[in-house]
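[1] would you be able to build a 3D model of this:
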Amino acid sequence: MSIDQDIQRRDIEKFIRKMPSLSTTVGKVMEICSRTDASPNELNKVISLDPVLTGQVLKLINSAYYSLVNKVTSLTRAITMLGMNTVKNMALSTAIIGTVAGAKKSRALPTQKFWAHSIGAGVSAKLLGELKGVPIMEREELFLGGLLHDLGKVPFGDEYIEVLNIAKFEQVPLREVELDVLGIDHQEVGLMIASKWKLNNVITSCIGSHHDVHNLASYPKEVSLQLALVALGDLYANILDHGYAGNPFPNEEDVYSLLKFTDICIEDFCGIGGRVVEEIDKAKVFLQI
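    Below you'll find the predicted structure:
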């Protein structure tokens, strides 16, 4: 099957233009949380006007992910307990997953398996961040970066099935086949979506550069570690064979390069497996909210 690469790019750009913008509430939540002087009370005022988001916050705090003994019914208390960054990331991730689910184009990647891989990458990145002593707020961002890293695969059409088949049978990196067959890769497509939704630098880098493991030194320090941990989280989810996002053959050289960059020893890297599986089960709440 011959694919016209110019038409492919135009179709993707058109698809992204038609994707809904994130809701006003999510925009306001992101705006408040980006300010250093913001308070939980300000967040409460915005979220309380949105019954759906209010329900999502309460559902998250009372989920198995947090395993609380007593049920929380107060929105203000839930925001205080979760932390503003977690609430921001939850609002953003559930809004994006909901938007993407409504706009799903390709039959190539089954939705459940795709998001299962994404959750695996997010959980792995977060636990690797814990190993590195990354602050809790930034660990939540690692989860979000892992959850959204493959967003650029969503706008590909059914011709993506051919790309997946070639990558599988020839056991070559998916990006190489994307560029060869389609003339555009999922990182570039992901950057288009991140730009449309005005996502921050760290999340945008995770979406647009998670395979650029040999260029990490060129990124600002606050971005490079987060990006490396999300790239490792993606590789870990592939090693675990959790879910499916079309790239099941982790490059051993990339793994060792990232471990060296992050200064994580192979024993510690392998040692998070049990916790990853446990946390994945809890984190499924992000698909159900």
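[2] hmm, Pro250 and Asp241 touching each other?
    No - counting by C-beta atoms under 8 Å, Asp241 does not reach Pro250; the two are 10.1 Å apart. (Glycine included, C-beta is placed from N, CA and C.)
[3] looking at the two, which one has more neighbours?
    Pro250 (15 against 10; other C-beta atoms under 10 Å).
[4] against Cys33, how distant is Ser205?
    Separation of Ser205 from Cys33 (C-beta to C-beta, to the nearest Å): 18 Å.
[5] same check, this time on Gly27
    Relative to Cys33, and taking C-beta to C-beta, Gly27 is found at 11 Å.
[6] give me the more crowded residue out of these two.
    Ranked by neighbour count (other C-beta under 10 Å), Gly27 and Cys33 place Cys33 first, with 21 against 17.
[7] quick one, phi/psi of Lys71?
    Here the main-chain torsion angles of Lys71 (degrees, to the nearest 10) amount to phi -70, psi 140.
[8] need the contact list for it.
    Asn62 (C-beta atoms under 8 Å, 6 or more residues apart in numbering).
[9] where does the stretch 151-289 of the chain dip in pLDDT?
    286-289 (pLDDT under 70).
[10] show me where the stretch 51-200 of the chain has helices.
    Assigned by DSSP state H, counting those that start in this stretch, the stretch 51-200 of the chain shows helices spanning 51-61, 75-82, 84-103, 111-131, 136-148, 160-170, 174-182, 186-196.
[11] buried residues of the fifth one, list them for me.
    Of all the residues in helix 136-148, those buried under the rule 16 or more other C-beta atoms under 10 Å are 138-148.
[12] which residues are contacting stretch 27-41?
    Under C-beta under 8 Å, 6+ apart, the answer for stretch 27-41 is 42-43, 46-47, 53, 76, 79-80, 84-85, 87-88, 91-92, 200.
[13] quick one, what contacts Ser48?
    By C-beta under 8 Å, 6+ apart, the contact list for Ser48 reads 54, 75.
[14] need the phi and psi values for it.
    Ser48 adopts backbone torsions of phi -60, psi -20, taken as degrees, to the nearest 10.
[15] mind pulling up the pLDDT for it?
    Looking at Ser48, its pLDDT stands at 93.
[16] settle this for me: Met129 is touching Leu142, isn't it.
    Wrong residue type there; residue 129 is Gly, not Met. Yes - here Gly129 reaches Leu142: they are 4.5 Å apart, a contact under C-beta under 8 Å.
[17] list the residues that contact both of those two?
    What both Gly129 and Leu142 touch, as defined by C-beta under 8 Å, 6+ apart, is the set 226, 229.
[18] quick check: the gap between Leu191 and Cys206.
    11 Å.
[19] compare these two and say which is more crowded by neighbours.
    Cys206 (33 against 18).
[20] next, the distance between the ends of stretch 100-113.
    One end of stretch 100-113 sits 14 Å from the other (C-alpha to C-alpha, to the nearest Å).
[21] equivalent analysis for stretch 164-180, please.
    End to end - C-alpha to C-alpha - stretch 164-180 spans 12 Å.
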